[in-house]
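Q: sequence and computational prediction follow.
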Amino acid sequence: MTILASGSAASSGTPADRGVGPLLRAWREQRRVSQLELALRADSSARHISFIETGRSRPSEEMVLRLAEHLDVPVRERNALLLAAGYAPHYPETPLDDPALDALREGMERLIQGYEPYPALVLDAMYNVLAANRGILMLLDGVPEFLLAPPLNAMRLTLHPQGLAPRIRNLREWRGHLLAQMERHIALYRSDPLRELYEEVAAYPVPEAAGDGRDGQPAEPVPYFALPMKIEHEGRTLSFISSISTFNTPMDVTVAELAIETLLPADPATVKYLHSLMP
């Protein structure tokens, strides 16, 4: 798989000088789980959970991992919790171009190439584009070089006023969807770089003419099964539904933060046009 940009990792948002107890309590409160509920999930007691959170008891390595699993803590942050408890990280962070991940790269390459002529790409936790097929490259025709320089970032490409934003006919709707998605990821990853990216793209101006995709017509029920991105390409309006896939039970930080996004044509005209470009 061709790596288009190595990107920058979504650094841990866990302060290094905080003990594991307060950090676990913060994750528990963020997930809105009581001490009793967490204890039942983790086969422990509310008293023990309380002692861990207040620092009266040092949890074992196994207990830290068990609590993190039941709190759905991201893999990168699980390592940070272990460090805060005085243990070594449990999950490796293997570079994507490492030979150990050859099978993973080859599998993703087959997947996104097999999806052609429809667009597909591989993203990291910072929305940096790690690989893309010809369907994506087709949509990027005419984008200024400075937006295509590594690390190639999907959010900047999409929302920048010199990127794809002027071509998206329902920009206000699609922009709202993307910003809400980023907000959910910020809550999950607690990443300062991700928050900085959000603040940057959220501040991009929205063109006065940015519409809702209805071309000034009266509002009608949207004939799609999900919100589409409607984008102009060479005088045509193409419509896509976005789907994002991640890996189940990842055992590596890099793998845990990978996502494969596929753009499914949302109408027959888009299907026909894409097949005409790449028969």
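A: Arrived safely, thanks for sending.
Q: what phi and what psi does the backbone show at the residue positioned nearest the centre of the chain?
A: Computing the C-alpha centroid of the chain and ranking residues by C-alpha atoms, centre = their mean puts residue 125 first, at 4.9 Å. In this entry, residue 125 is assigned phi and psi values of phi -70, psi -20 (degrees, to the nearest 10).
Q: quick one: mean pLDDT over the longest helix seen in the chain.
A: Among the elements of type helix in the chain, defined by DSSP state H, the one spanning the most residues is helix 171-189. Per-residue pLDDT values over helix 171-189 give a mean of 93.
Q: if you count neighbours, what's buried in it?
A: Buried residues in helix 171-189, defined by neighbour count with 16 or more other C-beta atoms under 10 Å: 171, 173, 174, 175, 178, 182, 185, 186, 188, 189. (Glycine included, C-beta is placed from N, CA and C.)
Q: packing partners for it?
A: Applying 3 or more C-beta pairs under 8 Å, 6 or more residues apart in numbering; DSSP states H and E, one finds that helix 171-189 contacts helix 154-159, helix 192-202.
Q: so, low pLDDT: which residues of the stretch 1-150 of the chain?
A: Low-confidence segments of the stretch 1-150 of the chain (pLDDT under 70): 1-17.
Q: need the strands for it, in chain order.
A: Counting by DSSP state E, counting those that start in this stretch, the stretch 1-150 of the chain has these strands, from start to end: 120-123, 129-132.
Q: care to break this structure down by domain?
A: 20-84, 99-210+226-277 (automatic domain parsing).
Q: first vs last residue of the first one, how far apart are they?
A: Counting by C-alpha to C-alpha, to the nearest Å, you get 5 Å between the two ends of domain 20-84.
Q: for the closest residue to residue 273 other than its chain neighbours, report the pLDDT, please.
A: Nearest-residue entry for residue 273: residue 236, 6.0 Å, with adjacent residues in sequence omitted and distances by C-beta to C-beta, 6 or more residues apart in numbering. We have a pLDDT of 94 for residue 236.
Q: nearest to residue 64, out of the strands of the stretch 1-150 of the chain?
A: With C-beta to C-beta as the measure, strand 120-123 is the member of the strands of the stretch 1-150 of the chain nearest residue 64 (28.8 Å).
Q: I'd guessed residue 52 sits against residue 19; true?
A: No: with contact defined as C-beta atoms under 8 Å, residue 52 does not count as touching residue 19 (9.7 Å).
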